[in-house]
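> sequence first, then the predicted structure:
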Amino acid sequence: PLMTSCCPSWVRYVEQERPQFIKNLSSALSPMQMFATVLKDKYREKDAADGRTTFHIAIMPCTAKKMEAGREEFRRDGVPNVDLVLTTQEVIKMIKESGIRFQMLEKESPDLPFGMGSGAAVSMQYGSGEEARMRQSVFQSFVLIAGMAVALNVLVYLGLDGILWVLRVPEEIIPLMKEYLRIIFLGITATFLYNYFANLLRAIGNSVVPLLFLAVSAVLNVILDLVCVLVWHWGVRGAAAATTFSQFVSGIGIGLYTLKKFPQLCPKKEDCRWDKQNLAAILNLSVMTSVQQSIMNFGILCVQSLVNSFGLAAMAAFTAGVKIDSLAYSPAQDFGNGFATFVAQNQGANQPQRLHHGIRTAFLLSGGFCLIVSTLAAIFAEPLLLVFLENTSAESLSIGVTYLRTEGLCYIGIGFLFLLYGIFRGLEQAGMSIVLTVLSLGLRVVLSYAFAPHFGMMAIWLAIPAGWLIADIVGFVAMGRRGLMRSASNKTGKSAC
C-alpha cells in the first residue's frame, strides 16, 4: 500500500520512527512543492532575461511546512523551490496589524493565474478571473474608447466654428485660434492612448509608470513650448505642436511599454469579439467618473468663454494662468487620487482611528504644499507668466499677475477639494464627489456671470476660489455627518493630552 506524502510531519515520523515503511511513502511531491516547481519553471527564462529572481512565499496551515521547505531534495542548484513559508496564523496576525477586515472588503473575482495584481479592476469588471476573459475585456474597452475618441475628433473638427462662437473668441484672432485648434485637436488621439494604457496599468497594480510618463510629457511640453515659441518663432502653431507632440510621446510611449512589459494583456484573435454584458459592466463602472469629468470641463469652458469676452489681453493672461495652475496643483490632485486607495483600505478594514489619523495628516500635507506653491506663485507671478506669454503686452502681464495673486493664493481650496474627492471615492460614495464638483464649478460659473458685468475680471478671479470654498465646506459637513471629522478631532485631542 502507498501512504500520502502531503504532510511533512507524517513523512518525518515515518523516517525517524517507522523506517521500515519508507518504501510505502508516495513519491509524489506535496501540493506546495508541486506548485513551487511549476512556478519557478514558468518564470525561469523570464527571470534570466530580466536579471530578476522569483521569490516564492507559501502560506500554509502547519509549521511543519517550514521544515519541508528546507529539505535538500526540494532544492535545485542550491536554491529552494519555496523561499519562505508563513503559517496561516502568522498571516492572520499580519492582516490584523495592517487593518484589513475581509468581511468589509468589496467583493471581486479571483486573481488571474500566477497573479496579475490583487483586486485588478480588469478582472473585477468581468467577474471571471481567467486570462482569456480579461483579454476579451481589454479588446472591448479599447474598441469602445477608441470609437469615442474618433467620434469626438470628427465632431470637434466639424463643429470648430461653433466652438469658437461659444468661447466668444474675438474676431481678430479667430484665424489664429482655428490654426491652434486644428493642431491641438490632433492630441485627442494621443490623450486616448495615454488614458487607456494608464488605466490598464493601474488596473494591474502599476500606478508609478503612468505618473512617470505624465511627468515626462509635462516637462517635454514646457521645453518644447519655449523652443517652438521663443527660439523658432512658430507662434500659436508652435504652442499647439509642442502640446500635441508631448501628448503623443506619452501616449505612444506608455502603449509600447504596456505591450512589451505585459504581453499577457494583448488580446488574441479569438478574444476579439463583442459582449453586451462586458459593455454594460464597463459603462456601469465608468459613468460616474465620466459625468464628473464632463461637468468639470463644461464649467471650465463656460468660464473661458466669459474671460474671452474681455478681449485679447484677458484671454492671453487667463490661458497662461491656467497653465501655471495645472503645473502648480497637479501634485495635490495626484495625491488626492492616491489617497482614495488609503481610505478604501482602512474603511474596509474597519480601522477608524487609522483612517482619521490619515485624513488629518493628508489635509496637513496637502494644505502645507498648497500654501508653499501659492506663495511661490505670488512672488514669481511675473516671470512665470513671461514663460507662457509671447510678445507680452503690459496689459496681459498685469491681468495675469492679478489673477495669480488672487486665485493662485487660494490653491489650498482646490487641494482640499481633491482630497475630498478621494475620500468620498474611497468610501464608495462617488455621487458625493459629483455633488462637490457641481458645487465648485457651478458656483464658479454662476458667480462669474452674475458679477463680472458689474465688477469686471476680478469677479471671475474671486469666483474660482469661492466655488472651492463652498464645496470644501459642504465636503467637511458631509465628513462630519459620517463621523470622520468628530473622530479625527477626538483623536487629535487625546494625542495632545
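Perfect, I can see it now.
> tell me the spacing between the closest residue to residue 371 other than its chain neighbours and residue 364.
Spatial nearest neighbour of residue 371, excluding adjacent residues (C-beta to C-beta, 6 or more residues apart in numbering): residue 412 at 5.9 Å. C-beta here means a position set from N, CA and C on the backbone, and glycine is covered the same way. Separation of residue 412 from residue 364 (C-beta to C-beta, to the nearest Å) stands at 11 Å.
> cool, and residue 396?
37 Å.
> if I pick residue 452, what's in contact with it?
When contacts are counted by C-beta atoms under 8 Å, 6 or more residues apart in numbering, residue 452 touches 306, 459, 460.
> re the thing from before, more neighbours: which of residue 396 and residue 364?
For residue 396 versus residue 364, neighbours defined as other C-beta atoms under 10 Å are more numerous around residue 396 (22 against 10).
> now do the SS call for that one.
Following DSSP: H, G, I helix; E, B strand; the rest coil, residue 396 is assigned to helix.
> for it, give me its contacts.
312, 313, 314, 316, 317, 320, 389.
> and the closest residue to residue 250 other than its chain neighbours, what does it touch?
Using C-beta to C-beta, 6+ apart and skipping the chain neighbours, the partner closest in space to residue 250 is residue 217 (3.6 Å). Applying C-beta under 8 Å, 6+ apart to residue 217 gives the contacts 194, 246, 247, 249, 250.
> dump the residue contacts of the closest residue to residue 234 other than its chain neighbours.
Spatially, and ignoring its direct neighbours in sequence, residue 234 is nearest to residue 228 (4.8 Å; C-beta to C-beta, 6+ apart). Listed by C-beta under 8 Å, 6+ apart, the contact set of residue 228 reads 234, 237, 238, 239, 241, 242.
> kindly recompute the last result at 7 Å.
The contact partners of residue 228, taken as C-beta atoms under 7 Å, 6 or more residues apart in numbering, are 234, 238, 239, 241, 242.
> now do the same for it: its pLDDT.
Looking at residue 228, its pLDDT reads 88.
> how near is it to residue 253?
Applying C-beta to C-beta to residue 228 and residue 253 gives a distance of 20 Å.
> quick one on the thing from earlier: by pLDDT, give me the weakest of the contacts of residue 228.
residue 239 (84).
> my read: it touches residue 225, true?
Yes. Using C-beta atoms under 7 Å, residue 239 is in contact with residue 225, at 5.9 Å.
> related to what we said a few turns ago, tell me which helix or strand the residue nearest to residue 250 sits in.
helix 208-225 (DSSP states H and E).
> now that helix: buried residues?
209, 210, 211, 213, 214, 217, 220, 221, 222, 224, 225 (16 or more other C-beta atoms under 10 Å).
> SS state for the closest residue to the third one other than its chain neighbours?
With C-beta to C-beta, 6+ apart as the criterion, residue 211 has its nearest non-adjacent residue at 6.7 Å, and that residue is residue 334. Recorded secondary structure, residue 334: helix (three-state DSSP).
> can you give me the pLDDT of residue 334?
79.
> gap between it and residue 417?
Distance of residue 334 to residue 417, given as C-beta to C-beta: 14 Å.
> comparing those two, which residue is more hemmed in?
residue 417 (26 against 15).
> helices or strands next to the helix or strand in which that one is found in the packing?
Using DSSP H and E, residue 417 sits within helix 411-426. Contacts defined by 3 or more C-beta pairs under 7 Å, 6 or more residues apart in numbering; DSSP states H and E place helix 411-426 against helix 312-348, helix 352-379, helix 430-455, helix 457-481.
> mind listing what's buried along it?
411-426.
> do stretch 401-409 as well
401, 402, 403, 404, 406, 407, 408, 409.
> what does stretch 144-163 give?
Judged by neighbour count using 16+ other C-beta under 10 Å, the buried positions of stretch 144-163 are 144, 145, 149, 153, 156, 163.
> and these as JSON lines, adding pLDDT?
Shown next, in JSON lines, are the buried residues of stretch 144-163 (pLDDT from 0 to 100):
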{"residue": "144", "pLDDT": "76"}
{"residue": "145", "pLDDT": "75"}
{"residue": "149", "pLDDT": "79"}
{"residue": "153", "pLDDT": "82"}
{"residue": "156", "pLDDT": "83"}
{"residue": "163", "pLDDT": "81"}
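> looking at those residues, which is nearest residue 176?
Within the buried residues of stretch 144-163, proximity to residue 176 (C-beta to C-beta) peaks at residue 163, which comes in at 14.4 Å.
> now do the same contact list for the closest one.
The contact partners of residue 163, taken as C-beta under 7 Å, 6+ apart, are residue 156.
> repeat for residue 183
Residues counted as contacts of residue 183 (C-beta under 7 Å, 6+ apart) are 237, 240, 241, 244.
> look at it and report its pLDDT.
So, for residue 183, pLDDT stands at 90.
> distance of it from residue 157?
Remark: distance between residue 183 and residue 157 (C-beta to C-beta) = 12 Å.
> now do residue 389
Distance of residue 389 to residue 157, given as C-beta to C-beta: 28 Å.
> any chance of CSV for the contacts of residue 452, columns pLDDT?
Converted to CSV, the contacts of residue 452 look like this (pLDDT from 0 to 100):
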residue, pLDDT
306, 90
459, 95
460, 95
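> closest one to residue 368 out of the residues you listed, please.
Residue 368 lies nearest to residue 460 out of the contacts of residue 452, by C-beta to C-beta, at 27.7 Å.
> next up, the contacts around that closest one.
With contacts taken as C-beta under 7 Å, 6+ apart, residue 460 has the following neighbours: 303, 306, 307, 448, 452.
> and if you look at residue 232?
Taking C-beta under 7 Å, 6+ apart, one finds residue 238 in contact with residue 232.
> and it, its phi and psi?
Note on residue 232: backbone dihedrals following degrees, to the nearest 10 are phi -90, psi -10.
> same thing with residue 87?
In terms of degrees, to the nearest 10, the main-chain angles of residue 87 are phi -80, psi 160.
> any idea how far residue 56 is from residue 46?
Plainly put, residue 56 is 14 Å away from residue 46 if you go by C-beta to C-beta.
> higher neighbour count, these two?
residue 56 (18 against 10).
> tell me who's in contact with the residue nearest in space to the middle of the chain.
Centroid check for the chain by C-alpha atoms, centre = their mean gives residue 337 as the closest residue, at 5.9 Å. Residues in contact with residue 337, defined by C-beta under 7 Å, 6+ apart, are residue 422.
> just residue 252 next, same as before
Shown in contact with residue 252 (C-beta under 7 Å, 6+ apart): residue 193.
> again, only using 10 Å
Listed by C-beta atoms under 10 Å, 6 or more residues apart in numbering, the contact partners of residue 252 are 189, 190, 193, 194, 197, 213.
> ok, residue 242 next?
By C-beta under 10 Å, 6+ apart, the contact list for residue 242 reads 183, 220, 221, 222, 223, 224, 225, 226, 227, 228, 229, 234.
> what's the following helix or strand after the lowest-mean-pLDDT helix or strand in the chain?
One helix or strand of the chain scores below all others by mean pLDDT, DSSP states H and E: helix 121-126, with a mean of 39. Following helix 121-126 in sequence order, the next helix or strand is helix 131-158 (DSSP H and E).
> perfect, I'm done here.
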